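*Asks:* Predicted model and sequence below, questions to follow.
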Protein chains: 2
Amino acid sequence: MNAVEESLRSAQGRAAAAGPMSVPTPPLAREPARGAASQPLSAGGRLLRKLLAMFGNPPVEIVLWDGERVAPVGVQPVATVRIADRGVLFALLRDPQVSFGDLYSEGRIDIEGDLVKLVAATYDASAQANGRRSALRALTRLLHRPRANTLGGSKDNIHHHYDIGNEFYSLWLGRTMAYTCAYYPTASATLDEAQTAKMDHVCRKLRLRPGETVVEAGFGWGALALHMARHYGVKVRAFNISREQVRFARERARAEGLDGQVEYVEDDYRNIAGRYDAFVSVGMLEHVGVENYRTLGGVARRSLGSNGRGLIHSIGRNYPASLHPWIERRIFPGACPPSLSQMMQLFEPWDLSILDVENLRLHYAKTLTHWLELYEASIERVRAMFDERFVRMWRLYLAGSVAAFATGTLQLFQVVFAPRDYHDIPLTRAYLYPS
Amino acid sequence: MNAVEESLRSAQGRAAAAGPMSVPTPPLAREPARGAASQPLSAGGRLLRKLLAMFGNPPVEIVLWDGERVAPVGVQPVATVRIADRGVLFALLRDPQVSFGDLYSEGRIDIEGDLVKLVAATYDASAQANGRRSALRALTRLLHRPRANTLGGSKDNIHHHYDIGNEFYSLWLGRTMAYTCAYYPTASATLDEAQTAKMDHVCRKLRLRPGETVVEAGFGWGALALHMARHYGVKVRAFNISREQVRFARERARAEGLDGQVEYVEDDYRNIAGRYDAFVSVGMLEHVGVENYRTLGGVARRSLGSNGRGLIHSIGRNYPASLHPWIERRIFPGACPPSLSQMMQLFEPWDLSILDVENLRLHYAKTLTHWLELYEASIERVRAMFDERFVRMWRLYLAGSVAAFATGTLQLFQVVFAPRDYHDIPLTRAYLYPS
């Protein structure tokens, strides 16, 4: 069993155990499937068949409000999508990607079977059938434009996602509160172990030495800055525009007695000043917007002397494409995971050398599987904090993200860079792998 | 002493030992330097000062035919450039980059001191003063257009460089005849050890298993294909359009009893057909031309099933720029080292995932230092094979290349990639570093 199968199976096991992800089938709906067999489809069924074709005919069965079944041709379905009313059909036809998520959140679409597998099968079918030049992508570009990341826009966008409550995130992010891809040195590592290993992996890549200074662009709830200060003896100045996260991180630094070594600044990365030995940004680039990469690269360049090193860790793509429009609209406004050619707009204008790129996408599938498990285990508390719509929306986001990383629809790049005249490069990368 | 200093010093030591790189100063030229001091410069001196400014005022002293000295302001020169006649001045002003190499080859420019240090100082000064938006680059683009790499053009371009004689290359490439960046697991590894380690590093990155099939695009004198067959038990079909190299490699395979496992095909990479477990290309991309990357990527994609892995090893740049025009014209017609954003034109149109990028530029500075040493040690044989002009031309090319990689003017990228749906990715890269 490889890492993808493992992610998919383990997510499935957890979903089945947690219950709410699979919905029991009403007995009256158990009619024979039409379409694949002799019985002709209704007008609605034919439209759905066309919609499925747009997504490359994933092995998915659809059951309509009146019990009519649209079955995949010649293959076993991985899951069944139940449609509650005729209105769903029209909404899906108008804007399938955003509507699916919204209707699922509202309970007007339900899934019988495994949500991760359903989304993964759809991603795989779309990619195989359409590649990067599909009508679907054209439609997405036409319908959706990510929100802008001006100084004000960024603040709104970040507030939307990160300021919905530290308590909510603490339910399922684990002890570190790191909300980025972890790094599993072994397949059996726990989430907390893997998050700690990720921080060490980043610090080793940056070759931090005691007494050095680090600037961090986007610090989440502050875990990496504290880890660098405690275990690598560096001074950190870290920037973030999420008020809730800044408040949380400052308390944490005080509680851990590290507020003399770590300064959390509530400000935009564009306002970073000063010279440092290392520049690090883990999980912020997704929110920066390609149009600002040159600026961010300039900030990194001016922060580093010729002995400086940098690391950017970001969700990415195999080729330029916008984020799934439902995720962009409901979960991460303004977000866009770049392809490597786009990411290079950060480095190339400033003569920065790329020293190392590592793709950790299967680590993110594992991380998200762990988050989804903890999320499902806390589902009653989430429901009490918000409502059923929110519960379903975040389940779809987390399960869909497992699927995206497991199928290679999304990538996770760690890029190490340095100014052109940085020469202190070890001959091999063996120092990253102490035995 | 870091790796760059080491490269520079070791190249300098060898040049001093080998003799012909430094030219003794005629006693009558030992006049006090003008320009920096009180004595005003002649019209020629003033023009040279302007020329030096275009290159960022490198710490270089120039001595004219009449003994006039143009000294760098406020710094010790790393080397002295002697100009034999007034015609040199006009040639340099017309097209400084190409003329410098040609005039050095002809002996009308000579260098007192270390050639590697001279070129390195010029690269560093240019980069610091001008960055990527210099008048010099604009001039280069205006004056020089690399030769095209159509099917016929590629053949001519490759013939120009690689078919000048296997015997010549065997003088200084070492036992493996690998004409690409080696990989030094330790600073004290020999050239042959480092070339073998490079082949193992590539094979490990590709995770070759016995019985698998590999297609190689551009095979040089065939070393990697033989190494893969002998040590990893794979079958290799390898493509190259250099007739001399194909002949040499076929004889080698027969002599080593590996002609049943390795097939050397005299054909263009564009004509590769069939399905393989791995696609590999080491040191060919520099000759492909950015306009053909999409095509090459398509060849790689159709060669690999969803379990296939690929590796491309190429000289690169921190940002798009053409090869030094003298190198492109006299040494490598049609060649262009890409930036990573350019290299992505190979992968992004085909939904290929980048799994790993490693920058080995300091390894190439070491490799070239070893080549230069062997070249200087064989200088009498080279002179007998060709002439003094050739001897000097290739010395400048090798010494200038040490300088380019040592200063970060050129990079060396190894890129590992796979189709989107390749999932058999190890959790860590520790398998590349067996202890």
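*Replies:* Okay, I see it. Since we're looking at a predicted model, the values are computed, not measured. Numbering: from 1, shown residues only, chains lettered A, B, ... in the order given.
*Asks:* low-scoring stretches of the stretch 151-300 of chain A, by residue?
*Replies:* For the stretch 151-300 of chain A, the stretches with pLDDT under 70 are A:158.
*Asks:* Near chain B, which residues of it? Just list them.
*Replies:* When proximity is defined as C-beta under 8 Å from any C-beta of the partner chain, the stretch 151-300 of chain A approaches chain B at A:184, A:185, A:186, A:187. In short, each C-beta sits where N, CA and C put it, glycine included.
*Asks:* Which of these has the largest number of neighbours?
*Replies:* residue A:184 (24 neighbours; other C-beta atoms under 10 Å in any protein chain shown).
*Asks:* Surely that one is in contact with residue A:195?
*Replies:* No: the criterion here is C-beta atoms under 8 Å, and residue A:184 misses it with residue A:195 at 9.9 Å.
*Asks:* mean confidence for stretch A:324-333?
*Replies:* Mean pLDDT, stretch A:324-333: 87.
*Asks:* which residues of the stretch 301-435 of chain A fall in helices?
*Replies:* Taking DSSP state H, counting those that start in this stretch as the test, the helices found in the stretch 301-435 of chain A are A:325-326, A:340-347, A:361-377, A:379-385, A:388-407.
*Asks:* Determine which of these approaches chain B most closely.
*Replies:* helix A:340-347 (3.7 Å; C-beta to the nearest C-beta).
*Asks:* count of neighbours near residue A:125?
*Replies:* For residue A:125, using other C-beta under 10 Å, the count is 20.
*Asks:* The helices of the stretch 301-435 of chain A: which one's closest to residue A:69?
*Replies:* helix A:388-407 (22.8 Å; C-beta to C-beta).
*Asks:* domains of chain A?
*Replies:* Following automatic domain parsing, one gets these domains for chain A: A:3-143, A:151-432.
*Asks:* pretty sure residue A:196 contacts residue A:176?
*Replies:* Yes: contact criterion C-beta under 8 Å: residue A:196 and residue A:176 qualify, at 6.7 Å.
*Asks:* Identify the residues contacting residue A:331.
*Replies:* Residue A:331 makes contacts with A:161, A:393, A:397, as judged by C-beta atoms under 8 Å, 6 or more residues apart in numbering or on different chains.
*Asks:* same deal with residue A:56?
*Replies:* A:122, A:124, A:125, A:126, A:127, A:128, A:129, A:130.
*Asks:* try 6 Å
*Replies:* Counting by C-beta atoms under 6 Å, 6 or more residues apart in numbering or on different chains, residue A:56 makes contact with A:125, A:126, A:128, A:129, A:130.
*Asks:* These, buried ones only, as a ChimeraX selection?
*Replies:* To isolate the buried members of those in ChimeraX, using 16 or more other C-beta atoms under 10 Å in any protein chain shown:
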select /A:125,126
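*Asks:* with the contacts of residue A:56 in mind, which one is nearest to chain B?
*Replies:* Distances from chain B to these, taken by C-beta to the nearest C-beta, are shortest for residue A:128, at 7.9 Å.
*Asks:* So for that closest one, what's the pLDDT?
*Replies:* pLDDT, the model's per-residue confidence, is 85 for residue A:128.
*Asks:* sec struct for it, please.
*Replies:* Using DSSP: H, G, I helix; E, B strand; the rest coil, the structure places residue A:128 in helix.
*Asks:* ok so, going back, what about the residues of the stretch 151-300 of chain A next to chain B, which are in helices?
*Replies:* Among these, none falls in helices (DSSP state H).
*Asks:* would you turn these into JSON lines with distance to residue A:435?
*Replies:* Below are those laid out as JSON lines (distance: C-beta to C-beta, whole Å):
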{"residue": "A:184", "distance to residue A:435": "17"}
{"residue": "A:185", "distance to residue A:435": "11"}
{"residue": "A:186", "distance to residue A:435": "13"}
{"residue": "A:187", "distance to residue A:435": "18"}
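*Asks:* Now do the same contact list for the closest residue to residue A:411 other than its chain neighbours.
*Replies:* In this structure, residue A:411 finds its nearest non-sequential neighbour in residue A:316, 4.3 Å apart by C-beta to C-beta, 6 or more residues apart in numbering or on different chains. Residue A:316 makes contacts with A:337, A:338, A:411, A:413, as judged by C-beta under 6 Å, 6+ apart.
*Asks:* Please repeat the previous calculation with a cut-off of 8 Å.
*Replies:* Contacts of residue A:316 (C-beta under 8 Å, 6+ apart): A:337, A:338, A:339, A:340, A:343, A:410, A:411, A:412, A:413.
*Asks:* Filter those residues down to just the ones in strands.
*Replies:* A:411, A:412, A:413 (DSSP state E).
*Asks:* For chain A, which segments count as strands?
*Replies:* Per DSSP E, chain A carries strands over the ranges A:60-63, A:69-70, A:79-83, A:109-113, A:213-217, A:235-240, A:262-266, A:276-282, A:304-316, A:352-359, A:411-419.
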